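1. dropping the sequence and predicted coords here.
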Amino acid sequence: MTLTIIGPGAMAMAIAHGLKESYTLEFVARDISKLEKIKEEFSANVYALKDFDITGKTILLAVKPYALASVSEEIKGKALSLYSVLAGTTLNALKENISAENHIRIMPNVSAKFGASTSVITGDDAKKEEAMRLFSAIGDTFWVDSEKEVDIATAVAGSGPALLTLVAEAMMDGLVKEGMKRVDAVGITNSLFKGFAPLIASNHPALIKDSVMSPGGTTAAAYGALEEGAVRSSFIKAIGEAFKVTQG
Ligand SMILES: NC(=O)c1ccc[n+]([C@@H]2O[C@H](COP(=O)([O-])OP(=O)(O)OC[C@H]3O[C@@H](n4cnc5c(N)ncnc54)[C@H](OP(=O)(O)O)[C@@H]3O)[C@@H](O)[C@H]2O)c1
């Protein structure tokens, strides 16, 4: 299968690197001189956006969301499938702007550059399997039945890395406040996140907490302070606030 990538920026290139062994890739950009390096690296065909004919093609659209209307004015024809990673851009907006038999919307996150995205996907069921296969190239994929669910998930899948940076940075600052060197605080906290990923994937959160928390111990003391600071309810509220923003 040939995948035609329009807008070869950071997200598109993360996906392209994940797919290059299994798919034929071609690239389309408004400035073809920017495609010279990509042409060599991927031994791929490259095309200018102006008058590009998408008829029968499987397209990955990865331009900035504001560029949707201008891209639609440049291209012609009807694609077989349009995969869009444009944040906050609805299936309706995609359908109004770009003609295709199937429209699929994907919400990936920044970890895509390490092949570790959390990508939430919805759209035409006919392409569900293909979508899951394509985007597994950049990490885990979750198909949901509605755009509302994509919007809800955005708080965790999309904003999640930023929310966790708050937790990580606070832990680092706490260690420094008590007297650790910054370099050690950073290393220890980063290691915690690395080790936590396989742990949470195979255990319920409450079981992990119960197994670590001993009577009158350090974890119980720290946990009590977090509950006093309403960290749990703040996170629940934060996810609601992010969802509200997606609803306009
Ligand atoms: N990065 C992420 O973590 C992330 C996460 C979720 C969703 N996304 C979505 O992924 C998309 C791309 O983001 P990115 O981070 O990869 O951005 P990026 O690195 O800036 O890449 C954007 C690409 O779009 C092209 N472009 C912009 N305006 C254009 C226009 N009017 N006509 C044609 N091409 C145009 C740019 O071409 P030029 O080089 O010519 O400007 C560039 O190739 C966005 O829609 C974003 O919402 C990104």
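-> Yep, that arrived. Numbers count the residues shown, from 1 in each chain.
2. who does the lengthiest helix in the chain touch, helix- and strand-wise?
-> Counting residues, the longest helix found in the chain (DSSP state H) is helix 182-202. Other elements packing on helix 182-202 under the criterion 3 or more CB pairs under 8 Å, 6 or more residues apart in numbering; DSSP states H and E are helix 160-177. C-beta here means a position set from N, CA and C on the backbone, and glycine is covered the same way.
3. which other helices and strands contact the helix it packs on?
-> Here helix 160-177 touches helix 182-202, going by 3+ CB pairs under 8 Å, 6+ apart.
4. thinking again about what came up before, next helix or strand past the longest helix of the chain?
-> Next in sequence after helix 182-202, counting helices and strands by DSSP states H and E, comes helix 205-212.
5. average pLDDT for that following helix?
-> Across helix 205-212, the average pLDDT comes to 97.
6. now stretch 81-90
-> Here the average pLDDT along stretch 81-90 is 95.
7. can I get that stretch in CSV? Just the C-alpha atoms.
-> In CSV, the C-alpha atoms belonging to stretch 81-90 read as follows (Å, rounded to 0.1, in the frame of the first residue of the first chain):
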residue,chain,number,x,y,z
SER,A,81,-9.1,7.4,2.6
LEU,A,82,-8.2,10.5,4.4
TYR,A,83,-6.4,10.0,7.8
SER,A,84,-6.1,13.3,9.7
VAL,A,85,-4.0,14.0,12.8
LEU,A,86,-5.2,17.7,12.9
ALA,A,87,-5.9,18.5,16.6
GLY,A,88,-9.4,19.7,17.3
THR,A,89,-10.5,19.3,13.6
THR,A,90,-13.8,17.4,13.4
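8. tell me which residues in it are buried?
-> Residues 81-86, 89-90 are the ones in stretch 81-90 that count as buried (16 or more other CB atoms under 10 Å).
9. swap in stretch 150-163?
-> Going by 16+ other CB under 10 Å, stretch 150-163 has these buried residues: 150-160.
10. on that earlier part again, and the contacts of the longest helix of the chain?
-> Applying CB atoms under 8 Å, 6 or more residues apart in numbering, the external contacts of helix 182-202 come out as 164, 168, 171-173, 175-176, 180, 208.
11. would you agree residue 247 is in contact with residue 151?
-> Yes - counting by CB atoms under 8 Å, residue 151 is a contact partner of residue 247 at 6.7 Å.
12. shared neighbours of these two, which are they?
-> Residues touching both residue 247 and residue 151 (CB under 8 Å, 6+ apart): there are none.
13. show me the contacts for residue 55.
-> By CB under 8 Å, 6+ apart, residue 55 lies in contact with 76-79.
14. sorry, wrong one. I was asking about residue 45.
-> By CB under 8 Å, 6+ apart, the contact list for residue 45 reads 26-27, 39.
15. just give me the neighbour total for whatever residue of the chain ends up closest to the ligand.
-> Nearest residue of the chain to the ligand (CB to the nearest ligand atom) works out as residue 9 at 1.7 Å. The burial count assigned to residue 9 is 14, neighbours taken as other CB atoms under 10 Å.
16. find the nearest non-adjacent residue to it, please.
-> Nearest residue to residue 9 in three dimensions, chain neighbours excluded: residue 62, at 6.2 Å (CB to CB, 6 or more residues apart in numbering).
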